[in-house]
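Asker: Model the structure of this input:
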Amino acid sequence: MPQSKRRDGASDVLDVHAPHQTVHTWKDFFIHIATITIGLLIAISLEQAVEYLHHRHQAKEMADKLRAESLSNRRVVEFDIANCDQAISAIEQDMRALENMKVFGEHATSTLIPIPKTVTYYPSDAAWLTIKDSALLPIVDKGLVSSYWGVDAVQASIVFTSQESWNSRVQLDALLNMRTTQQIASAQERDALLLALSNFREQQIRLRGQMVAFNGINDAALAGKHLAKDPGAVEEWNRKH
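Answerer: All right, here's what the predicted structure looks like:
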């Protein structure tokens with residue numbers, strides 16, 4: 001223990017005084033703990049409030065992006081529908097020409113009109129995927145989320161059907177490329193072409209119908225109409241159409 005020196009050279013022990021405050025009671029202890037707890041709760045509440053407002057701002061931004069994406073998708077799908085119409089029209093003309101051969105003989109027609117290229121541009125879903133796979137989903141408007149589940153389900157069917165349509169087109173082109181002349185060589189060739197054209201036509205008609213359905217649900221979502229209650233209901237609707 002430190003010691004103090006007296007003027008006469010002798011050392012003396014340093015005086016130690018008791019604290020001026022009284023010893024804490026249990027009441028003082030609990031008041032102290034309660035003060036700390038309340039302070040922590042206030043800090044946590046403020047942090048959560050700031051985070052909530054930040055998420056609300058993010059949700060508003062994503063909803064705006066979703067609307068912009070939907071407007072862009074409307075133009076994409078309208079192009080796809082027009083593309084399907086052109087292909088279906090050409091297919092049906094070729095089918096009528098081949099059907100006439102059954103009535104008027106194999107030499108009733110010698111040419112088939114070219115079928116336009118059928119390229120499907122898929123509607124974008126980047127904004128929807130960002131919302132669906134993030135923490136923003138629970139705070140986005142429930143009606144908006146419900147509607148875009150419907151849009152998402154129809155879009156998935158478009159991707160599948162477009163692949164099926166592409167496969168049908170590949171089979172048709174393989175038959176057309178095998179021809180050495182414009183003349184239909186035989187009834188077997190005619191029937192094979194009719195079958196391939198018919199399959200391709202059905203896929204294009206189905207794809208067109210799904211494009212129209214997509215535009216309908218997409219427009220309803222833009223207008224704030226909540227048509228789709230859950231993704232399962234939309235998938236069931238899609239299977240029936």
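
Asker: Longest helix in this protein, please.
Answerer: In the chain, assigned by DSSP state H, the helix with the most residues is helix 26-104.

Asker: Name the next helix or strand downstream of it, please.
Answerer: Using DSSP states H and E, the helix or strand that follows helix 26-104 in sequence is helix 126-132.

Asker: Alpha carbons of that following helix, as PDB, please.
Answerer: Output in PDB follows, covering the C-alpha atoms of helix 126-132 (Å, rounded to 0.1, in the frame of the first residue of the first chain):
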ATOM      1  CA  ALA A 126     -36.300 -10.100 -63.600                       C
ATOM      2  CA  ALA A 127     -38.200  -7.700 -61.300                       C
ATOM      3  CA  TRP A 128     -40.700 -10.300 -60.200                       C
ATOM      4  CA  LEU A 129     -37.900 -12.800 -59.400                       C
ATOM      5  CA  THR A 130     -36.100 -10.100 -57.400                       C
ATOM      6  CA  ILE A 131     -39.200  -9.600 -55.300                       C
ATOM      7  CA  LYS A 132     -40.100 -13.300 -55.000                       C
END
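
Asker: What is the helix or strand just after it packed up against?
Answerer: Scanning forward in sequence from helix 126-132 by DSSP H and E, the next helix or strand is helix 142-178. Packed against helix 142-178 by the contact rule (3 or more Cβ pairs under 8 Å, 6 or more residues apart in numbering; DSSP states H and E) you find helix 26-104, helix 126-132, helix 187-222, helix 231-240. C-beta: built from backbone N, CA, C; applies to glycine.

Asker: Give me the buried positions along the third one.
Answerer: I take that to be helix 187-222. By neighbour count on 16 or more other Cβ atoms under 10 Å, the buried set for helix 187-222 is 189-190, 193-194, 196-197, 199-201, 203-204, 206-208, 210-211, 213-215, 217-218, 220-222.

Asker: now it against helix 142-178, angle please.
Answerer: 160 degrees (axes from the mean of the first three to the mean of the last three Cα atoms, to 10 degrees).

Asker: helices or strands up against helix 187-222?
Answerer: Taking 3+ Cβ pairs under 8 Å, 6+ apart as the contact cut, helix 187-222 packs with helix 26-104, helix 142-178, helix 231-240.

Asker: One more pass at 6 Å, please.
Answerer: helix 26-104, helix 142-178 (3 or more Cβ pairs under 6 Å, 6 or more residues apart in numbering; DSSP states H and E).

Asker: Now tell me which of those helices the model trusts least on average.
Answerer: Lowest mean pLDDT within the helices and strands packed on helix 187-222: helix 26-104, at a mean of 84.

Asker: How about residue 67: what's its closest non-neighbour residue?
Answerer: Taking Cβ to Cβ, 6 or more residues apart in numbering, and ignoring the residues beside it in sequence, residue 67 has residue 222 as its nearest neighbour in space, at 6.5 Å.
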